[in-house]
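Asks: build the 3D model from these lines:
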Amino acid sequence: MSSDTRNIFVCVSQYRKPIEEVVAHLPEHMVWLKKQDGLGRTVATGRQASGTGGICIMAAQSRDEMLEILATDPFEIHGCASYWVFELEPNPVPDRGRLMDYFFGADFAAGNDAGVQG
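Replies: Predicted coordinates for the structure are as follows:
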């Protein structure tokens, strides 16, 4: 995926099953997240502080592609979570932030973490 065609999506999940069932699929979900990161799609991921779901900030070429990616999440496959998906239009340079510049840059594409060091 080239850096000039990526769109940023904020994907907010809501758990749909008891937490015990969600936790049973957590290892698969974590493998899925790691795969997405390896493919250069992940900006940030984490649980909602309320414990009712999670948030993934990810990149895709389109909303349809983002929905296809989310459909491969074990949480969604097993009916543990559903997603609300919001497309983010980042502010232009230089106002979008250093980490966003890194995400759109060559260092990120090369897997070089130098861009995020102090």
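Asks: switch to C-alpha atoms for all contacts and neighbour counts from now on
Replies: Will do.
Asks: which elements pack onto the helix of greatest length in the chain?
Replies: Looking across the chain with DSSP state H, the single longest helix is helix 26-38. When contacts are defined as 3 or more Cα pairs under 8 Å, 6 or more residues apart in numbering; DSSP states H and E, helix 26-38 packs onto strand 42-47, helix 74-77.
Asks: quick one, strands of this protein?
Replies: Along the chain, counting by DSSP state E, strands occupy 7-15, 42-47, 54-60, 81-88.
Asks: could I get the ones you listed as a markdown table with distance to Val22?
Replies: As requested, the strands of the chain are exported to a markdown table (distance: least, Cα to Cα, whole Å):
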| stretch | distance to Val22 |
| --- | --- |
| strand 7-15 | 7 |
| strand 42-47 | 12 |
| strand 54-60 | 11 |
| strand 81-88 | 8 |
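Asks: thinking again about what came up before, tell me how far the longest helix of the chain is from the chain's mean position?
Replies: How far helix 26-38 lies from its chain's middle: 10 Å, per Cα atoms, centre = their mean, to the nearest Å.
Asks: mean confidence score for that helix?
Replies: For helix 26-38, mean pLDDT is 96.
Asks: identify each buried residue in that helix, please.
Replies: Going by neighbour count (16 or more other Cα atoms under 10 Å), the buried part of helix 26-38 is His29, Trp32, Leu33, Gln36, Asp37.
Asks: same thing with stretch 63-82?
Replies: By 16+ other Cα under 10 Å, the buried positions in stretch 63-82 come out as Arg63, Met66, Leu70, Asp73, Pro74, Phe75, Glu76, Cys80, Ala81, Ser82.
Asks: hmm, which two among those residues are most spread apart?
Replies: Greatest spacing in those, by Cα to Cα: Arg63 and Cys80 (21.5 Å).
Asks: before we move on, the earlier item: how about JSON lines for the strands of the chain, with mean pLDDT and distance to Glu21 added?
Replies: Shown next, in JSON lines, are the strands of the chain (pLDDT from 0 to 100; distance: least, Cα to Cα, whole Å):
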{"stretch": "strand 7-15", "mean pLDDT": "95", "distance to Glu21": "10"}
{"stretch": "strand 42-47", "mean pLDDT": "92", "distance to Glu21": "16"}
{"stretch": "strand 54-60", "mean pLDDT": "95", "distance to Glu21": "15"}
{"stretch": "strand 81-88", "mean pLDDT": "95", "distance to Glu21": "11"}
